[in-house]
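# Take a look and give me a structure for this.
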Amino acid sequence: MYAIGRRVEQTPELLTALIQNAIKQSPSSFNSQSSRAVILFNQQHEKFWQLVKEKLRSYAVDEVAATKTNTRIESFKAGFATVLFFENVDVVKHLQDQFPLYADNFPIWSEHSTAIAQFATWTALHTEGLGGSLQHYNPIVDDQVHTEWEIPASWKLRAQFVFGSIEAPATEKTYIEDQVRFKVFK
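Presented below is the predicted three-dimensional model:
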């Protein structure tokens, strides 16, 4: 859902509890609980998207590209709030040290953990009638995010989920053929 707004009936406190519970209940390999989140409401939400906008401005190759980018970022800024998803790399390193046989897999499994936490959050907010979209403006804003919100260095930014009231239906999605994507054996 890209057309989102601020006509949200739920309080930030209720939404915070919902998001925290969704992430807490999300499974992780070895019960690592490596997922972390920063929830930004109001001016903090706007500040994040302003940081993204300013950073992207330095990458714009021409005025047309800059205008398109600004429009997109303003649509995110129009949302109600943003969840910044992180993975704690110290947890991953600890597991690598503790279980050397699986060391190469822990970074991969960490990505699985954050994906499940993101999906659980998305689903929980959807059940409340809210829409949103998952964005990936990391690593270009990592330094600013860590500085602005005093995020521990061990937290690695993985995604940003902007959400709010649904202001227009989602655009139709196309799919590849099932026989290309799936194999079923009976």
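# Report all helices and strands that the longest helix along the chain contacts.
Longest helix of the chain, by residue count under DSSP state H: helix 106-127. Under the contact definition 3 or more CB pairs under 8 Å, 6 or more residues apart in numbering; DSSP states H and E, helix 106-127 sits against helix 12-24, strand 35-41, strand 81-88, helix 89-98, strand 130-135, strand 155-166. Every residue, glycine included, has its C-beta placed from N, CA and C.
# again, only using 6 Å
Packed against helix 106-127 by the contact rule (3 or more CB pairs under 6 Å, 6 or more residues apart in numbering; DSSP states H and E) you find helix 12-24, strand 35-41, strand 81-88, helix 89-98, strand 155-166.
# Number of residues surrounding Lys77?
18 (other CB atoms under 10 Å).
# Local confidence estimate at the closest residue to it other than its chain neighbours?
Nearest non-adjacent residue to Lys77, counting by CB to CB, 6 or more residues apart in numbering: Trp49, 4.1 Å away. Per-residue confidence (pLDDT) for Trp49: 97.
# could you check the angle strand 155-166 makes with the host helix or strand of Trp49?
Using DSSP states H and E, Trp49 sits within helix 42-57. Here helix 42-57 runs at an angle of 110 degrees relative to strand 155-166 (axes from the mean of the first three to the mean of the last three CA atoms, to 10 degrees).
# Okay, buried residues for helix 42-57 please.
With burial defined by 16 or more other CB atoms under 10 Å, the residues of helix 42-57 counted as buried are 45-49, 51-53, 56.
# same check, this time on stretch 63-70
Residues of stretch 63-70 classed as buried under the neighbour-count rule (16+ other CB under 10 Å) are Thr69.
# Convert the C-alpha atoms of that stretch to PDB, please.
Provided in PDB are the C-alpha atoms of stretch 63-70 (Å, rounded to 0.1, in the frame of the first residue of the first chain):
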ATOM      1  CA  GLU A  63      15.800  17.500 -12.100                       C
ATOM      2  CA  VAL A  64      13.300  15.000 -13.400                       C
ATOM      3  CA  ALA A  65      14.900  12.200 -11.200                       C
ATOM      4  CA  ALA A  66      15.000  14.600  -8.200                       C
ATOM      5  CA  THR A  67      11.300  15.500  -8.600                       C
ATOM      6  CA  LYS A  68      10.300  11.800  -8.900                       C
ATOM      7  CA  THR A  69      12.300  10.900  -5.800                       C
ATOM      8  CA  ASN A  70      10.900  13.800  -3.800                       C
END
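# All set, thanks.
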